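Trainee: Mind looking at a prediction? Sequence and model below.
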Amino acid sequence: MDTRLADFIRESRAGQVAGEILRTCVHCGFCTATCPTYQLLGDELDGPRGRIYLIKQVLEGREVTEKTRSHLDRCLTCRSCETTCPSGVQYGRLLDIGREVVEAKLQRPLKEAIPRALLKEVLPRPALFGAAVAVGRALRPLLPGALADKLPPAQPAARPWPEKARHARRMLALAGCVQPSLAPNINAATARVLDRLGIALFEEAKAGCCGAVRFHLNDHERARDDMRRNIDAWWPHVESGIEAIVVTASGCGVQVRDYGHILADDAVYADKAAKISELCRDPSEVVAAESERLRALLPAAGRGRLAFHSPCTLQHGLKIRGVVEGLLTAAGYALTPVADSHLCCGSAGTYSVLQPEISGRLRDNKLNALNAGSPDVLATANIGCLTHLQAGSALPVRHWIELIDEALP
C-alpha cells in the first residue's frame, strides 16, 4: 500500500514502523473474514482493512474526526486478522500508533474521558483495585451492568505456595494487577504444578501491572514507566540466573513479550527489555516442555467434559495453539468442539467496560459455542476472559492451570 506520511510523524520511530506496516498491506480483505466486529456489524470501517485506511489517512495528515476515533475504539485488538493475513501485516502495532495519534489530536468528551481516566488510575494499582473490588462487591446491586459484570463472586484464599528454595530450577511469576484480587489461586496453582515438575516459582513484590492497561488506553508513556518498573524489579533475578518469567494471564504475556519492541529506542532499557521479552513464557509452554514428566504424574482417570476458550492473546498474540488442549486431554478431560474458536469473547481488557453492547453480544455468541457440546466446565487462559465469561455463564469458568493442579494426586 503506497503511503506518504505527514511531517509530524515521518521521521519518528513510530512513523518508520507505521510506514513499513502500511507498505506490507496489499488490501486483500482476507482479514475481514475473521474480524469479530466486522462479522458482527458488517461495516468495512469496523474491520481491519477499513481501519488501516483510516489510520493511513490520519498519519498522512488528514483531519482526525469523531468517526475515525469511534471505529478505532471499536477494535478489540484481538489480532485475529494477523493470524489470517497472508502478508504478515502487524496490525496491532499499527493500531497502537494510530490510536495514540488520534488521542493526541482529538479531545474526548468528559463522558468518555472520565471512565478511561479511572481505569488507568485504578486497574494498574493492585492495592487500590483490590479495595475497589471489595467495595464493588458490597455495592454490586447499585453498579451499572457493565461494571457489575466484571465482579465475580469472592474466591477462596489461594492454597499455599510450595517452598521456593527446594529446586535448583527457578522461575519468576508476574502477579499482575487485577488477578490477585479476582482469582488469587491461579499463580499459586501454577507454582504447585511447576513444583511437581521440579521447578520453583516465585513472585517479585516490587513488580506490578505489565503496562497493558495504560498502553491500550493510549497512555503510552506511563505504560512504559510500568514496564521499566518491572524490568528494574526483575533484573536482579535475571542476573542471578532465573530460567524464565512466567505470566499466567495471556493478555499480560503478550504485553511482556512486546517489551523489547516498545522500549527499543530507550537507550537505558532497550537491551534489558529485549532480554525480558526473551525470558517471558506462558505457563503452557513451561508445562508442555515437561509433558512426559507430567503425564507420568497424572492418574489415568476421566474428569468429565470440558470446553476450552483459547483467548485471542494466547492464539493470535502469543501464537500458542493446541498446547493447552493437549495438556487438558492428558489430565483426563474430554474436550468438546467449539465453533469459531478463533473469534474473541468480547473481554479484550477494558473493552467490556467501554464497549459493553458489542462486548455482550460477542460473549453471548462465544458462550453459545462453548456450551454447544454440553461440557461440565469451561476453561480459559486469561483472567479477563475468565471473569467476562463467568458473568454470563451458568457453568464454572476456570483457568486451565487450576484444573491441572487439581488433577495431580
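Mentor: Received it, and whenever you're ready, just let me know what you need.
Trainee: How is the nearest residue to N185 once chain neighbours are set aside assigned, secondary-structure-wise?
Mentor: Nearest residue to N185, sequence neighbours excluded (Cβ to Cβ, 6 or more residues apart in numbering): A158, at 4.4 Å. Any C-beta I mention is one placed from the backbone N, CA and C, and that applies to glycine too. Put simply, A158 is coil when judged by DSSP: H, G, I helix; E, B strand; the rest coil.
Trainee: okay, now A158: neighbour count?
Mentor: 16 (other Cβ atoms under 10 Å).
Trainee: Any stretches of this structure with poor pLDDT?
Mentor: Applying pLDDT under 70 to the chain picks out residues 145-147, 149-150, 164.
Trainee: any idea what sits nearest the spatially most central residue of it, other than its immediate chain neighbours?
Mentor: Centroid-nearest residue in the chain: G251, 1.5 Å away (criterion: Cα atoms, centre = their mean). Using Cβ to Cβ, 6+ apart and skipping residues adjacent in sequence, the residue nearest G251 is T313, 4.5 Å away.
Trainee: what residues are up against the one you found?
Mentor: R79, S250, G251, G253, V254, N382 (Cβ atoms under 8 Å, 6 or more residues apart in numbering).
Trainee: C75 now?
Mentor: T37, D46, P48, R51, L95.
Trainee: quick one on the thing from earlier: tell me the one among the contacts of T313 nearest to S347.
Mentor: Distance to S347 across those (Cβ to Cβ) is lowest for N382, with 7.5 Å.
Trainee: ok, the closest one touching V247?
Mentor: No - counting by Cβ atoms under 8 Å, N382 stays clear of V247, with 10.2 Å between them.
Trainee: quick one: which of those two has more around it?
Mentor: For N382 versus V247, the count of surrounding residues by other Cβ under 10 Å is larger for N382: 28 against 25.
Trainee: Could you list which residues are in contact with that one?
Mentor: Under the contact definition (Cβ under 8 Å, 6+ apart), the residues listed for N382 are A249, S250, G251, P311, T313, L314, S347.
Trainee: okay, among those residues, which ones form the most distant pair?
Mentor: Spatial extent of the contacts of N382 (Cβ to Cβ) is set by the pair L314 and S347 at 12.4 Å.
Trainee: Neighbour count for these two, which is higher?
Mentor: Using other Cβ under 10 Å, the more surrounded residue of L314 and S347 is S347, with 31 against 25.
Trainee: The more buried one belongs to a strand?
Mentor: No - looking at S347 with three-state DSSP, it is coil, so not inside a strand.
Trainee: Tell me if I'm right that it and G360 touch.
Mentor: No - assessed by Cβ under 8 Å, S347 is found out of contact with G360, at 10.8 Å.
Trainee: Now do the same contact list for S374.
Mentor: Contacts of S374 by Cβ under 8 Å, 6+ apart are R305, T336.
Trainee: Using just helix, strand and coil, how would you label it?
Mentor: Secondary structure, three-state DSSP: S374 is coil.
Trainee: Could you do V268 as well?
Mentor: coil.
Trainee: what's the burial count for it?
Mentor: Neighbours of V268 under the rule other Cβ under 10 Å: 10.
Trainee: R303 too?
Mentor: R303 has 17 nearby residues by other Cβ under 10 Å.
Trainee: element containing the nearest residue to it once chain neighbours are set aside?
Mentor: For R303, ignoring the flanking residues on the chain, the nearest one in space by Cβ to Cβ, 6+ apart is G332 at 4.0 Å. For G332, there is no host helix or strand (DSSP states H and E).
Trainee: what's near enough to touch G332?
Mentor: For G332, the contact set (Cβ under 8 Å, 6+ apart) comprises L298, P299, A300, A301, G302, R303, A407.
Trainee: residues touching P299, list them.
Mentor: P299 makes contacts with G332, A407, P409, as judged by Cβ under 8 Å, 6+ apart.
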